[in-house]
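Undergrad: model the following, please.
(one chain, ligands or ions: 2)
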Amino acid sequence: MDFKDKIRVIPDFPSPGIRFKDITTLLKDGPAFRAAIEQFKDFAVERRADIIAGPESRGFLLAAPMAYAMEKGFVPIRKPGKLPHETISQDYSLEYGKDSLEIHTDAIQPGQRVIIADDLLATGGTIGSTIQLVEKLGGIVVGVCFLIELTYLNGREKLQGYDVFSLIQY
Ligand SMILES: O=P(O)(O)OC[C@H]1O[C@H](OP(=O)(O)OP(=O)(O)O)[C@H](O)[C@@H]1O
Ligand SMILES: Nc1ncnc2[nH]cnc12
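TA: Ligands and ions are numbered 1, 2, ... in the order given. Sure thing, here's the model as predicted:
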């Protein structure tokens, strides 16, 4: 399967100079979506993951089906003010702005083996913040997986020491 063929690139979105990688074209293609989730699942099974976490919002589209396919739990990592119970939060910056993420304090048990999934690695801000939240709760990040990696933004440099998998590179 050539996954890159399934991605649509939109110039100057959401701001001039950004070449936005649109994954909706892959998601609406049933066999491609399924094949991508299967690859993520294989990565997570090999690393003996106990639970799958994903950052809002596009991370949910991959982490949740992956967890379902493995019969494991899914942990949403959300933008501020969305989670109803006690949370911890972490600020970060990304290719086109700044934001913050939160996790429920009881979402992960100390020692649990966690895989984090997101659609895209750009600067690594989102994933770095997600990893910090999981580790603050005592989770062990056994792998991180992405559909897309923008290698020219060097996000991988922030992930040294972590097991990183990406399906498509630009
Ligand atoms: O590596 P980074 O520089 O952090 O960029 C990558 C992140 O940017 C996008 O999310 P965005 O914050 O645009 O939110 P969305 O998923 O809700 O669209 C994307 O889904 C990744 O999570
Ligand atoms: N170029 C890009 N395309 C899609 N999502 C992104 N998130 C950060 N940079 C992005």
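
Undergrad: could you pull out the strands for this protein?
TA: With DSSP state E as the criterion, the chain has strands at 8-11, 19-22, 51-55, 73-77, 87-94, 97-104, 113-121, 140-149, 164-169.

Undergrad: surely residue 165 and residue 148 touch.
TA: No - taking CB atoms under 8 Å as the contact criterion, residue 165 and residue 148 are not neighbours in contact, 11.7 Å apart. Where you see a C-beta, it was placed from the backbone N, CA and C, and this is true even at glycine.

Undergrad: which parts of stretch 162-170 are buried?
TA: Under the neighbour-count criterion of 16 or more other CB atoms under 10 Å, stretch 162-170 has 164-168 buried.

Undergrad: quick check, nearest of those residues to ligand 2?
TA: Within the buried residues of stretch 162-170, the smallest distance to ligand 2 is 11.6 Å, found for residue 168 (CB to the nearest ligand atom).

Undergrad: beta partners of that closest one?
TA: Judged by DSSP bridges, the bridge partners of residue 168 are residue 148.

Undergrad: which bits of this structure sit near ligand 2?
TA: Applying CB under 6 Å from any ligand atom, we find that the chain lies next to ligand 2 at 18-21, 94-95, 120, 122.
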